[in-house]
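1. Sequence plus predicted model, see below.
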Amino acid sequence: MQDKTLYATLSLVVMLALLASGIAPYDRATWLLEVAPVLIAIPVLLLSYRHFPLTRLLYAVIAIHALILILGGTYTYARVPPGFWVQEWFDLSRNPYDKLGHFIQGVTPALLAREVLLRRHMVVPGKMLGFLALCIALAFSAFYELIEWWVALIAGQDAEDFLGTQGDPWDTQSDMLMALLGALLSVTGLAGLQDRQIARRAKPGAAG
């Protein structure tokens, strides 16, 4: 019951944030592109919950990821107000909010990959599990960069807000570095917590 209350709360927060962000975003097309992963994830998570419910950790991380995407879509990443605060505090040359988005873009796929590989008994616990989760997260990051490139080719100058490079010629590489750091955090600092939650879920009569 506690799990269901938590999941309902997370879902409500994300849905309210999504609805509020769609009222008057900075640019409607960019908003749609940025929140598209959230719009895809919501029905997938709802449909998979009965047959393959995830751990509390992973649902919480996915919710945080969704909120980061939604805020970025509302203002566009280069214009998110908290990013300007960080830019001023550390005297940076650009709004760094998009790097937070790419960091969590490493965290979420790595945790998801670990959980699926473990619970489906595809890989035994150990270094290879962490390595594969890291590789999957990096592959996801690289594929997202390809999507940005394809959107830029199709939309031309209109895709500038979606790309969010802010004049940085190494933006793609630094995006993937942030995803790598996020994935490393997942397979080191969060793996133990995830494993304990997986073990509890595997016990007979465990709450769902």
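-> Yep, it's here.

2. Just the buried positions in the helix or strand hosting Ser186, please.
-> Per DSSP states H and E, Ser186 falls inside helix 171-189. Buried residues in helix 171-189, counting neighbours by 16 or more other Cβ atoms under 10 Å, are found at 171-172, 175-180, 182-187. C-betas here are computed from N, CA, C, even on glycine.

3. Tell me the helix or strand right after that helix.
-> Once helix 171-189 ends, the next helix or strand along the chain (criterion: DSSP H and E) is helix 191-202.

4. Off-centre distance for the longest helix along the chain?
-> The longest helix of the chain (DSSP state H) is helix 127-155. Computed by Cα atoms, centre = their mean, to the nearest Å, the chain-centroid distance of helix 127-155 equals 12 Å.

5. what angle do that helix and helix 191-202 make?
-> If you take axes from the mean of the first three to the mean of the last three Cα atoms, to 10 degrees, helix 127-155 sits at 100 degrees to helix 191-202.

6. ok and helix 127-155 relative to helix 171-189, angle-wise?
-> 150 degrees.

7. per-residue confidence averaged over helix 127-155?
-> Confidence for helix 127-155, expressed as mean pLDDT, is 90.

8. buried stuff in it?
-> 129-130, 132-134, 136-138, 140-141, 144-145, 148, 151-152, 155.

9. And for stretch 84-98?
-> So, applying 16+ other Cβ under 10 Å, buried residues of stretch 84-98: 84, 94-98.

10. What about the residues you listed, which are in helices?
-> Residues from the buried residues of stretch 84-98 lying in helices, with DSSP H as the criterion: 84, 97-98.

11. Output those as CSV; include the columns pLDDT.
-> Output for these, formatted as CSV (pLDDT from 0 to 100):
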residue, pLDDT
Phe84, 93
Tyr97, 93
Asp98, 92
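
12. can you redo the residues you listed as JSON lines with distance to Gln197?
-> Formatted as JSON lines, these follow (distance: Cβ to Cβ, whole Å):
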{"residue": "Phe84", "distance to Gln197": "36"}
{"residue": "Tyr97", "distance to Gln197": "30"}
{"residue": "Asp98", "distance to Gln197": "30"}
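
13. And these, which is closest to Ala17?
-> Tyr97 (15.6 Å; Cβ to Cβ).

14. Now do the contacts for the closest one.
-> 71-72, 77-78, 80, 82-83, 86 (Cβ atoms under 8 Å, 6 or more residues apart in numbering).

15. Now, of those, which are buried?
-> The neighbour-count test (16+ other Cβ under 10 Å) marks 71-72, 77-78, 80, 83 as buried among those.

16. Can you tell me which of the contacts of Tyr97 lies closest to Arg28?
-> Using Cβ to Cβ, Gly72 is the member of the contacts of Tyr97 that lies nearest Arg28, at 14.4 Å.
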